[in-house]
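A.B. asks: Let's see this in three dimensions:
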Amino acid sequence: QVQLVESGGGLVQAGGSLRLSCVASGRTFNGFRMGWFRQAPGKERQFVAAISPSAINAFYADSVKGRFTISRDNAKNTVYLQMNSLKPEDTAVYYCARNRGLAWSKPEDYDYWGQGTQVTVSS
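C.D. replies: Numbers count the residues shown, from 1 in each chain. This next block holds a predicted model:
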C-alpha cells in the first residue's frame, strides 16, 4: 500500500513563504514522477508542479512559475514544494500525488494521493 503524507502548511501573510513536504512510504517513490496539486473551496483540483524521477525536469503551472519550486530527495522518499511570494489566491489544500507515468498535468494522471495540507494566505 502506498502512503503519502504532506506537512508544512499553515497561515502566512501575503508575500511570505512556506515549504511543504510529502513523505512517501516504502519502495513507491524512486522511479516515479511526483506532483503537487491544490484545491480551493468550490473549485476543481488544480495542477501546481511536477518533478521527474531523477529531478532533472520540473513542470509548473503558469500561476506559480517563478514563485514555487518543486524538488525531491530520493534518499528520504520526500518531495518538497517551496512557495515564495505567496498570494491570497494561493490559499487552498495542497496535495502531493504519485504519477502514473504518462501525462502529468491532470488529477487522473496520478494514482496515489496524500491527505492534503491547508495553506492560507492572508492579505
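A.B. asks: Below-threshold pLDDT in the protein: ranges please.
C.D. replies: 26-27 (pLDDT under 70).
A.B. asks: Bridged to the residue nearest to the spatial centre of the chain, which residues?
C.D. replies: Most central in the chain under Cα atoms, centre = their mean is residue 36, positioned 2.3 Å from the mean C-alpha point. Beta bridges link residue 36 to residue 49, residue 96, judged by DSSP bridges.
A.B. asks: Let the chain start at 19 from now.
C.D. replies: All set: I'll call the first residue 19, so the last point we hit is now residue 54.
A.B. asks: List the contacts of it.
C.D. replies: Contact analysis of residue 54 by Cβ atoms under 8 Å, 6 or more residues apart in numbering lists 38, 40, 66, 67, 68, 88, 97, 99, 112, 113, 114, 115. Where you see a C-beta, it was placed from the backbone N, CA and C, and this is true even at glycine.
A.B. asks: my guess is residue 41 contacts residue 26, does it?
C.D. replies: No. Between residue 41 and residue 26 there is no contact under Cβ atoms under 8 Å: 10.8 Å.
A.B. asks: what ranges do the strands span in the chain?
C.D. replies: 22-25, 28-31, 36-42, 52-57, 64-69, 76-78, 86-91, 96-101, 110-117, 128-131, 135-140 (DSSP state E).
A.B. asks: Report the buried residues of the shortest one.
C.D. replies: By that I understand strand 76-78. 77, 78 (16 or more other Cβ atoms under 10 Å).
A.B. asks: Name the residues that touch that strand?
C.D. replies: Outside strand 76-78, the residues that reach it (Cβ under 8 Å, 6+ apart) are 66, 67, 68, 69, 70, 86, 87, 88, 89, 122, 123.
A.B. asks: would you list those residues in TSV and tack on neighbour count and distance to residue 30?
C.D. replies: Shown next, in TSV, are the contacts of strand 76-78 (neighbours: other Cβ atoms under 10 Å; distance: Cβ to Cβ, whole Å):
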residue	neighbour count	distance to residue 30
66	24	16
67	25	18
68	24	23
69	24	23
70	15	28
86	22	14
87	16	16
88	22	18
89	14	19
122	19	27
123	12	26
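A.B. asks: Tell me the one of the residues you listed nearest residue 104?
C.D. replies: Of all those, residue 86 has the smallest distance to residue 104: 9.2 Å, by Cβ to Cβ.
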